[in-house]
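K.L.:
This is a predicted model, with the sequence first.
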Amino acid sequence: MKFVDEFREPAVISKATAEIRRLADPGRTYRFMEVCGGHTHAIYRFGLKDLLPANIDLVHGPGCPVCVLPMGRIDDGLSIAKNADVIFTAFGDMMRVPGRNGSPLEHKARGMDVRIVYSPSDALKIARNNPAKHVVFFAIGFETTAPSTALTLMRAKAEGLRNFSVFCNHVTIIPAIRAILDSPDMRIDAFIGPGHVSTVIGCRPYEWIARNEGKPIVVSGFEPVDVLQSIVMLLEQLKAKEAKVENQYKRVVPWEGNRAALKAMAEVFELRAYFEWRGMGFISQSALRIRDSYAEWDSERRFQVPGVRVTDPKAAQCGEVLKGVLKPVQCKLFGKECTPERPVGALMVSSEGSCAAYYNYEHRKREAFTKEVGVAV
Amino acid sequence: MCLAIPAKIVELFPDETSRALVEVVGVRRHIDTGLLEENSLNTGDWVLIHVGFAMSKISEDDALDQIRMLTMLGEHEAAVQEVTGYGLSEAGISSDP
């Protein structure tokens, strides 16, 4: 409860938690999945679980792009980086993610030209400045990030810049939610919908979840008040035996999304027949590939990539954690072989990965308590 | 990864309609505004940016809320680092307001 003092509106927080207690039926349990890794981070950071009754369980979803990328794709990307005339660029989040033979950062240490960029347009800029080299941008992200890659490719084509290509790993959130709902070992009562993905896709694509699956979904902001208010809205729907899409994050998310961003994505990308997700296997139509009209800027067509599947280290249970079947702390490697300093699995790398979030907030807190009191909690 | 950073439009360029100079806590960088639905930006407007692109126009109140939220999430420094990195730390652009 100590974090409450830091909240801007402690009175609103107290009101929301009281409302949650009033609405939650003590005779049953609730499993709410927060789809987005940003929410997972916020939930641990603010200790929101401590504010909820014990019968409300928050299950962490697949919405961390770094975490869901299978190791084979990292190795495929790095196989391109081995070409002497290639400059390999990626977001900082990707740099420490282990491939079979090390992370991009370790490949850099071995002498490959691997560079961090903060924007795909900067990868384009590197290409402009290095006409004798070929610049590959390792693109990851959900619909929040895919439009930026799309517009960058449109700019490359318009400029006729041919020493630039994208290794596309963009994924789409809806098929992942569908896979979770189809999975027999998952029982989710309702969803906390992603905030920033929805600024692009809007709220309409979630309608089938309510209509066909009978599950409420509330698109939520990231502040403690937002998340708690979204839980109130979900409980109200469940109490009234309703299932609908609601938008708690109206101040940022328009119901219709961002049409310009969707248009850029449609110009450059098409759906892949299937794509592998770490821990979830192959999900049909769950990722984007570059259209034929942009084939020249597609790294996968310009370079031979091995395209092998690499299974995760056996002892690591990333898949189960990713699907919410196991809590991070239930994985055998958690906090021992696998820590944020030396990650074995991607969930421990990104601050949005549930293992790193759990480790950084819950685990350290408990360790400090154990040290102080001498009792393990 | 999907967190959006609020930025204030400082300068627009009539010749390059999809470019803007923005400021994020004293750091000034160029961003791409080509993904905004309507191109009716004015200096002083606030936008949410993600990986160097403006994603949506927001009110000043919501922008300030968002800045506070990033600070609460401990993402504030990462956001400043990201924005500082735009344009490969553009030479010639002052990092002071």
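P.N.:
Cool, got the structure. Numbers count the residues shown, from 1 in each chain, chains lettered A, B, ... in the order given.
K.L.:
For the residue in chain B that chain A sits nearest to, give me phi and psi.
P.N.:
As assessed by C-beta to the nearest C-beta, chain A sits closest to residue B:52 within chain B, at 2.7 Å. C-beta here means a position set from N, CA and C on the backbone, and glycine is covered the same way. The phi and psi values for residue B:52, taken as degrees, to the nearest 10, are phi 90, psi 10.
K.L.:
Spit out the contact partners of it.
P.N.:
Going by C-beta atoms under 8 Å, 6 or more residues apart in numbering or on different chains, residue B:52 touches A:118-122, A:148, B:31-32, B:86.
K.L.:
Quick one: neighbours of residue A:15, just the number.
P.N.:
Around residue A:15 there are 15 other residues, counting by other C-beta atoms under 10 Å in any protein chain shown.
K.L.:
What pLDDT is listed against the residue of chain B closest to chain A?
P.N.:
Residue B:52 carries a pLDDT score of 95 in this model.
K.L.:
Inside helices: which ones of the contacts of residue B:52?
P.N.:
Counting by DSSP state H, the contacts of residue B:52 place A:120-122, A:148 in helices.
K.L.:
tell me which parts of the stretch 101-250 of chain A are close to chain B?
P.N.:
Within the stretch 101-250 of chain A, the positions lying close to chain B (C-beta under 8 Å from any C-beta of the partner chain) are A:116-122, A:125-126, A:141-142, A:144-145, A:147-148, A:151, A:194-197, A:199-200, A:221-224.
K.L.:
thinking again about what came up before, looking at the ones in helices among the contacts of residue B:52, which is nearest chain B?
P.N.:
Nearest to chain B among those, counting by C-beta to the nearest C-beta, is residue A:148 at 4.4 Å.
K.L.:
if we look at the sheet, which residues does the residue nearest to that closest one when sequence neighbours are not counted bridge to?
P.N.:
With sequence-adjacent residues excluded and distances taken as C-beta to C-beta, 6 or more residues apart in numbering or on different chains, residue A:148 is closest to residue B:53, at 4.4 Å. In this entry, residue B:53 is beta-bridged to residue B:32, residue B:50, by DSSP bridges.
K.L.:
Now do residue B:53: how many residues are near it, please.
P.N.:
Residues contacting residue B:53 under the criterion other C-beta under 10 Å number 26.
K.L.:
Reformat the contacts of residue B:52 as a markdown table; add pLDDT, neighbour count and distance to residue B:20.
P.N.:
Compiled in a markdown table, the contacts of residue B:52 are given as follows (pLDDT from 0 to 100; neighbours: other C-beta atoms under 10 Å in any protein chain shown; distance: C-beta to C-beta, whole Å):
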| residue | pLDDT | neighbour count | distance to residue B:20 |
| --- | --- | --- | --- |
| A:118 | 94 | 21 | 16 |
| A:119 | 96 | 27 | 14 |
| A:120 | 97 | 28 | 17 |
| A:121 | 96 | 24 | 13 |
| A:122 | 96 | 23 | 16 |
| A:148 | 98 | 27 | 15 |
| B:31 | 96 | 26 | 6 |
| B:32 | 96 | 23 | 8 |
| B:86 | 89 | 26 | 12 |
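K.L.:
Same list (the residues you listed) but as a markdown table, adding distance to residue A:9.
P.N.:
As requested, the contacts of residue B:52 are arranged in a markdown table below (distance: C-beta to C-beta, whole Å):
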| residue | distance to residue A:9 |
| --- | --- |
| A:118 | 32 |
| A:119 | 34 |
| A:120 | 37 |
| A:121 | 38 |
| A:122 | 38 |
| A:148 | 33 |
| B:31 | 31 |
| B:32 | 35 |
| B:86 | 33 |
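K.L.:
did I read that right, residue A:139 in a strand?
P.N.:
Yes. The assignment for residue A:139 is a strand, going by DSSP: H, G, I helix; E, B strand; the rest coil.
K.L.:
Now for the closest residue to it other than its chain neighbours: which residues touch it?
P.N.:
Leaving aside its sequence neighbours, residue A:139 sits nearest to residue A:149 (C-beta to C-beta, 6+ apart; 4.6 Å). By C-beta under 8 Å, 6+ apart, the residues touching residue A:149 are A:120, A:137, A:139, A:141, A:166, A:168, A:170, A:268.
K.L.:
In the residues you listed, which residue is surrounded by the most others?
P.N.:
With neighbours defined as other C-beta under 10 Å, the most crowded of the contacts of residue A:149 is residue A:137; it has 31 neighbours.
K.L.:
Confirm for me that that residue is in contact with residue A:153.
P.N.:
No. Contact criterion C-beta atoms under 8 Å: residue A:137 and residue A:153 do not qualify, at 9.2 Å.
K.L.:
Could you pull out the residues contacting both of those two?
P.N.:
Joint contacts of residue A:137 and residue A:153 (C-beta under 8 Å, 6+ apart) are residue A:166.
K.L.:
measure the residue of chain A found nearest chain B to residue B:46 for me?
P.N.:
Scanning chain A for proximity to chain B using C-beta to the nearest C-beta identifies residue A:119 as nearest, at 2.7 Å. Using C-beta to C-beta, to the nearest Å, one obtains 19 Å as the distance from residue A:119 to residue B:46.
K.L.:
so what's the most far-flung residue of chain B relative to its centre scoring on pLDDT?
P.N.:
Distance to the chain centre peaks in chain B at residue B:15, reaching 19.7 Å (criterion: C-alpha atoms, centre = their mean). pLDDT for residue B:15: 89.
K.L.:
again, but for residue A:199
P.N.:
According to the model, residue A:199 carries a pLDDT of 95.
K.L.:
And for it, the neighbour number?
P.N.:
For residue A:199, the tally of surrounding residues (other C-beta under 10 Å) stands at 25.
K.L.:
Next: residue A:305.
P.N.:
There are 18 residues near residue A:305, going by other C-beta under 10 Å.
K.L.:
Same check on the one 3 residues further on?
P.N.:
Close neighbours of residue A:308, defined as other C-beta under 10 Å, add up to 11.
K.L.:
Also residue A:135?
P.N.:
The local packing of residue A:135 (other C-beta under 10 Å) involves 26 other residues.
K.L.:
Could you double-check that it lies in contact with residue A:87?
P.N.:
Yes. Residue A:135 lies in contact with residue A:87 (C-beta under 8 Å); the separation is 4.7 Å.
K.L.:
any residues in contact with both of the two?
P.N.:
Common contact partners of residue A:135 and residue A:87 (C-beta under 8 Å, 6+ apart): A:126-127.
K.L.:
Can you tell me how far residue A:125 is from residue A:156?
P.N.:
11 Å.
K.L.:
Settle it for me: which of those two has more neighbours?
P.N.:
Neighbour count, other C-beta under 10 Å: between residue A:125 and residue A:156, residue A:156 has more, with 26 against 18.
K.L.:
is it fair to say that one lies in a helix?
P.N.:
Yes. Looking at residue A:156 with three-state DSSP, it is inside a helix.
K.L.:
Contacts only, for it.
P.N.:
Residue A:156 makes contact with A:124, A:127, A:164, A:297, according to C-beta under 8 Å, 6+ apart.
K.L.:
And it, what's its pLDDT?
P.N.:
Per-residue pLDDT puts residue A:156 at 98.
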